[in-house]
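> Sequence plus predicted model, see below.
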Amino acid sequence: MRNIRLTIAYDGSAFHGWQFQPGLPTIQAALNDAASEITQETIIVNGASRTDAGVHALGQVAHFKTHSALEAREFQRALNALLPPAIRVVAAEEVGPDFHARWLSQAKTYRYRIFRGAVLSPFDYRRALHVPWALDESVMAAAAREFEGAHDFTSFAASSGAEEEDGSRDMQRLLYASELIRESVSDEIVYIVHGKSFLRYMVRKIVGTLLEVGKGKLGPQQIPEILEARDRSLSGPTVPPDGLYLVSIEYPDPTDSLAGSAARKRAGLR
């Protein structure tokens, strides 16, 4: 049986996230259907990141197993012919049988776009968060750095809805880089974070907290206190998914690491 790796970009606006949900449009469901039609097999496409409803991707990675003899580049062409225009397979390759998009991933990079101008272009609707009011961007940038390193991110994660389950979850996460930058070619600031793994809503709650810092409701020095408190009520609101993009995912293979580094550079991560 062959193992096909896909790199996928998508506009998540019209989808209920990555993961298959009966009766709802999802990225995984669209890929499953297209791959199954091509191979005449029952295909399950496994993704590296289960992005939430409305979240976009530039470099989602997935894989599926098949008996088909079709070349990887032909899979790419055929999938793009069947998929909705909001989902594109940007690369396809055959990999070893042990490759697993989710379990072998070593790091991920996300970015969150915040448009600062007076009027949000209709072409950026549902693709960036519009924040036209005054913000202290320099203080926000200082606060963003406070998230770097290994921390318990309970204060910045969604609850599972069950107290017992929340108590047993490992909330420790390692962030290699966390920064807020001003885009030079547009009236936009971008939060970029590179980490080993992420909790649900974690990036969106961090951005919401940074906005509270920008408005003067919190200070950078309070970020370590909020992390230490392990109390969701102390962090900022969860911002909408509109501005969130999965940029790239890194794997042990050196060529994958180089590709991930290049993708992070394109995202603006220094």
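Yes, it's here. Predicted model, so just to flag it, every value in this text is computed and none were measured. Numbers count the residues shown, from 1 in each chain.
> Quick one: mean pLDDT for stretch 208-228?
Stretch 208-228 comes out with an average pLDDT of 97.
> next one: stretch 99-114
In this model, stretch 99-114 has an average pLDDT of 97.
> Quick check: buried residues in it?
When burial is assessed from 16 or more other C-beta atoms under 10 Å, stretch 99-114 yields the following buried residues: 99, 101, 104, 105, 107, 108, 109, 110, 111, 112, 113, 114. Where C-beta positions appear, they are placed from N, C-alpha and C, glycine not excepted.
> from the chain's centre, how far out does stretch 239-250 sit?
4 Å (C-alpha atoms, centre = their mean, to the nearest Å).
> start to end distance for it?
Taking C-alpha to C-alpha, to the nearest Å as the measure, stretch 239-250 stretches 26 Å from start to finish.
> returning to that earlier point: need the buried residues of stretch 99-114 in JSON lines with secondary structure and distance to residue 156, can you?
Listed next are the buried residues of stretch 99-114 as JSON lines, based on DSSP: H, G, I helix; E, B strand; the rest coil; distance: C-beta to C-beta, whole Å:
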{"residue": "99", "secondary structure": "coil", "distance to residue 156": "31"}
{"residue": "101", "secondary structure": "coil", "distance to residue 156": "25"}
{"residue": "104", "secondary structure": "coil", "distance to residue 156": "26"}
{"residue": "105", "secondary structure": "coil", "distance to residue 156": "20"}
{"residue": "107", "secondary structure": "strand", "distance to residue 156": "18"}
{"residue": "108", "secondary structure": "strand", "distance to residue 156": "16"}
{"residue": "109", "secondary structure": "strand", "distance to residue 156": "17"}
{"residue": "110", "secondary structure": "strand", "distance to residue 156": "13"}
{"residue": "111", "secondary structure": "strand", "distance to residue 156": "17"}
{"residue": "112", "secondary structure": "strand", "distance to residue 156": "13"}
{"residue": "113", "secondary structure": "strand", "distance to residue 156": "19"}
{"residue": "114", "secondary structure": "strand", "distance to residue 156": "17"}
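> Which residues are in contact with the residue lying closest to residue 54 once chain neighbours are set aside?
Among residues not flanking residue 54 along the chain, residue 241 sits closest, at 3.4 Å (C-beta to C-beta, 6 or more residues apart in numbering). Residues touching residue 241, when contacts are defined by C-beta atoms under 8 Å, 6 or more residues apart in numbering, comprise 12, 52, 53, 54, 55, 204.
> Can you flag which of the residues you listed belong to helices?
Restricting the contacts of residue 241 to those inside helices, with DSSP state H as the criterion, leaves residue 204.
> Residue 242 against residue 126, yeah?
Yes - in this structure, residue 242 is within contact of residue 126 by C-beta atoms under 8 Å, at 5.0 Å.
> out of the two, which sits in the more crowded spot?
residue 242 (21 against 17; other C-beta atoms under 10 Å).
> So that one versus residue 145, what's the distance?
Distance of residue 242 to residue 145, computed by C-beta to C-beta, to the nearest Å: 25 Å.
> Please apply the same query to residue 95.
In this structure, residue 95 lies at 36 Å from residue 145, with C-beta to C-beta as the measure.
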